[in-house]
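**Q** what follows is a protein structure lacking sequence information:
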């Protein structure tokens, strides 16, 4: 039982990270029906920018919490700028092209960014200053590390903030309207280009936060690290019903828990396989995902 | 200066400012303090290149480059005229002849590259059936390549079966796995299909990576036999000798034969009744079904046929490298093959061949810039989609649509 | 009097297909003008071209004396030019109230917006009952009211209405058109009305244009149009 609960906590920690990445996929997909392959790279860039800023801030003598908060906020801002630039260059000119063209452009951008990271940051893993968040405490026989607390807290705050933004504010309303009908939302005065740009920025900001969390979780970052969590997060987005913000959060948590349980109870080598098998099974029996919104019947 | 040109300069300026904003934090923030020199150096290089490109484009739009542009387009139309005059058969024979003599006149490195290109031509043409004809976006196509390669590798290492026997076996295995993957996924449409095929591709790679007892995991399988052949020998009278086709020249002809077989098969499929049904499914699945096309079976068939060529290419790849490991079957490979099909021109056989050449041979030409190769490749994909989305050699559509007449 | 909206020899189309040829029309302040024509005559395309959703290949579109070709269509509602497009296009997964609030998206005066919301609710009481329901769950008539209400929320000077009678029962058509005349009378809003249902459209309008295969074949006061035997035969079912 203890083992089960321990695994559940680990699963939720990982799931929160997946949810943060999945939100970017689902929001971008919701608004321009694009599988943004470059999204994993925003996450990787976030991981790098995090370690760069952490070591800079630590060297300039800031306390650990100032470091963490500062690095988190600056990194999110950085990745938001990066995503807006990518959108402007690689996706905006293709607004009226076939969806396959945009998809290829996204693939190209993903390769470009990945190699850009490699060229500026080197091919080797970069270690995270994990000593910053070392230590753990025990509650009812369960070991909970400070790192896990930080991850869950940051993820939780960001998810709540995003929910408020999407469902409570004027901008959120405009985002939802644009996702449903871009021409009509233009006819009521919403500039859809700006909304799309903003969507990319928000998604990338969340992915950047996830990048830092993953850096602490695994202890290092790597220029190619965006790919596997990227597709798992996309799977989470699909699982939750793509285009659906709440669904992405649930899907992310589910994928994280499934992965940790599969690794803990079944086989750690095949943990990634289980995530995909569950995804395929869910889509087979419920093709619209858990939160069930319809995707357009549009093909390549 | 016209309004359009000042617009382009403003865009360049804004773009460069953004670029610096993105570049500097990556290069300039270090524990030792903030540095500006290294990032400025890179930035200046990029800025200079962008400046030259924009200037050239300005000159072109202003008509200053007409002295180059006009003769080139004129020459191009002349070439096209000549091209159209000579029957297609002649061109095909010329290309085929060149392909035949190619290994006799070139070195090891060139042959190596061309063999690689031809493997990808097979893969591209196979994927072209799935995506170009039937319109199913498959992001895990490389799985079939892996299945073909491992089929031959295992049969060769454990049972010493000959390459020629294994070739159809690999094709059948790939087709079967195509059906296995296809059966649950083909009810889905559009992007769900894409993500599920991506998932399947990853599952296959992970199984290859982790099933130690069968595949030897990440270490891969060594000691695969090359193709063999009975060849008349004259050393002691006329006997049939079994020789291993280890030399690159022989391998070249084997893959050439495979490519020719693939091209003929895909061409025949394209113009068959099945090909038309696939096109109907691509254009409008619901309408096709209402017209009596059995969409499910045909989509499954498209998957299986695509997988067959992937499997053939895989078996050859295993025989040629004489070593396989899961490393060769990553998503990046799927993305490469997909890019070939799209960049070349979806649904067009010469397009796919050109695409494979461009994506495999061109990066080889830039070996000197090893580090920047993939960076340039990714950037080129984006630019290509912006400026020429239909590919190098777009497929001719059968018939014309009403809006295109007149 | 100066027209508030004027099209001068506008041609437009989709890709290589030309839909509109040399359309010229005027709408004067405070009047209801209608444009009638068969299916595919180019009525909706005309409205979409006015808003620059479809780009005009040639010709000038003048709004209050200024040329508005090429202005991004999201900039038009703040200028007072608002369209209720064909098929209503309400946001199906937003609530009725959110739909209406989006109509006032560009406005910053929150107290006035609240007043206008009440005004729309008074105008279409059924919408108040449905305020928290998703737009997609409304019936056709209610959706039409919501679409018009949403447009009113932007306090338009000129309202472009595309087929408000589409898919509605005759009784509802009468109600909607009563409301349209009421809006015109109360707020002084200029209304350009596009209709296939010539009978009702001609009844509420002052002037009318007849569109056939992308060109204006006739323009006149409604009284004259109603007496024209060709029109009676072709559009009024006699």
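**A** Cool, got the structure. All of these numbers come straight from a predicted model, not from anything done at the bench. Numbers count the residues shown, from 1 in each chain, chains lettered A, B, ... in the order given.
**Q** just give the nearest non-adjacent residue to the closest residue to chain A within chain B, would you?
**A** Going by CB to the nearest CB, chain A is nearest to residue B:381 of chain B, at 2.7 Å. To be clear about C-beta, it is placed using only N, CA and C from the backbone, and glycine gets the same treatment. Leaving aside its sequence neighbours, residue B:381 sits nearest to residue A:108 (CB to CB, 6 or more residues apart in numbering or on different chains; 2.7 Å).
**Q** can you give me the buried ones in the helix or strand where residue A:152 lies?
**A** In the assignment (DSSP states H and E), residue A:152 maps to helix A:146-168. Neighbour-count burial for helix A:146-168 flags A:147-148, A:150-152, A:154-155, A:158-159, A:162, A:166 (criterion: 16 or more other CB atoms under 10 Å in any protein chain shown).
**Q** what packs against it?
**A** helix A:2-32, strand A:136-139, helix A:170-180, helix A:192-218, helix A:245-261 (3 or more CB pairs under 8 Å, 6 or more residues apart in numbering or on different chains; DSSP states H and E).
**Q** ok, and what's touching stretch C:12-29?
**A** B:403-404, C:1-11, C:33, C:35, C:42, C:45-46, C:49, C:54-57, C:59, C:158, C:188, C:190, C:192, C:209, C:211, C:214-216, C:219 (CB atoms under 8 Å, 6 or more residues apart in numbering or on different chains).
**Q** run the last query once more with 6 Å
**A** With contacts defined as CB atoms under 6 Å, 6 or more residues apart in numbering or on different chains, stretch C:12-29 is touched by B:403, C:1, C:3-11, C:33, C:42, C:45-46, C:49, C:54, C:56-57, C:190, C:192, C:209, C:214-216.
**Q** now do that stretch, average pLDDT.
**A** Mean pLDDT, computed over stretch C:12-29, is 90.
**Q** and it, how far from the chain's centre?
**A** Mean C-alpha position of stretch C:12-29 versus that of the full chain (CA atoms, centre = their mean, to the nearest Å) differs by 15 Å.
**Q** how about it: buried residues?
**A** Result for stretch C:12-29 [16+ other CB under 10 Å]: buried residues C:12-13, C:19-21, C:23, C:25-27.
**Q** list the contacts of the residue of chain A found nearest chain B.
**A** Nearest residue of chain A to chain B, counting by CB to the nearest CB: residue A:108, 2.7 Å away. Shown in contact with residue A:108 (CB under 6 Å, 6+ apart): B:378, B:381-382.
**Q** where does it sit: helix, strand or coil?
**A** helix (DSSP: H, G, I helix; E, B strand; the rest coil).
**Q** now do residue A:85 against chain C, distance only.
**A** 21 Å (CB to the nearest CB, to the nearest Å).
**Q** next, that residue: phi, psi?
**A** With angles defined as degrees, to the nearest 10, residue A:85 sits at phi -70, psi -40.
**Q** the closest residue to it other than its chain neighbours: which element?
**A** Among residues not flanking residue A:85 along the chain, residue B:18 sits closest, at 4.9 Å (CB to CB, 6+ apart). Assigned by DSSP H and E, residue B:18 falls within helix B:3-28.
**Q** so which elements touch that helix?
**A** helix A:64-86, helix B:37-62 (3 or more CB pairs under 6 Å, 6 or more residues apart in numbering or on different chains; DSSP states H and E).
**Q** lowest average pLDDT across the ones you listed?
**A** helix B:37-62 (a mean of 85).
**Q** neighbours around residue B:275, how many?
**A** 20 (other CB atoms under 10 Å in any protein chain shown).
**Q** hmm, I was thinking of residue B:372
**A** Counted with other CB under 10 Å, residue B:372 comes out at 14.
**Q** how about residue A:281?
**A** For residue A:281, the neighbour count with other CB under 10 Å is 11.
**Q** that older thread, can I get the buried residues of stretch C:12-29 in CSV with secondary structure?
**A** Below are the buried residues of stretch C:12-29 laid out as CSV (three-state DSSP):
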residue, secondary structure
C:12, strand
C:13, strand
C:19, strand
C:20, strand
C:21, strand
C:23, strand
C:25, strand
C:26, strand
C:27, strand
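**Q** show me which of those is closest to chain B.
**A** residue C:13 (9.6 Å).
**Q** thinking again about what came up before, distance check, the residue nearest to residue A:85 against residue B:11.
**A** Per CB to CB, to the nearest Å, residue B:18 is found 11 Å from residue B:11.
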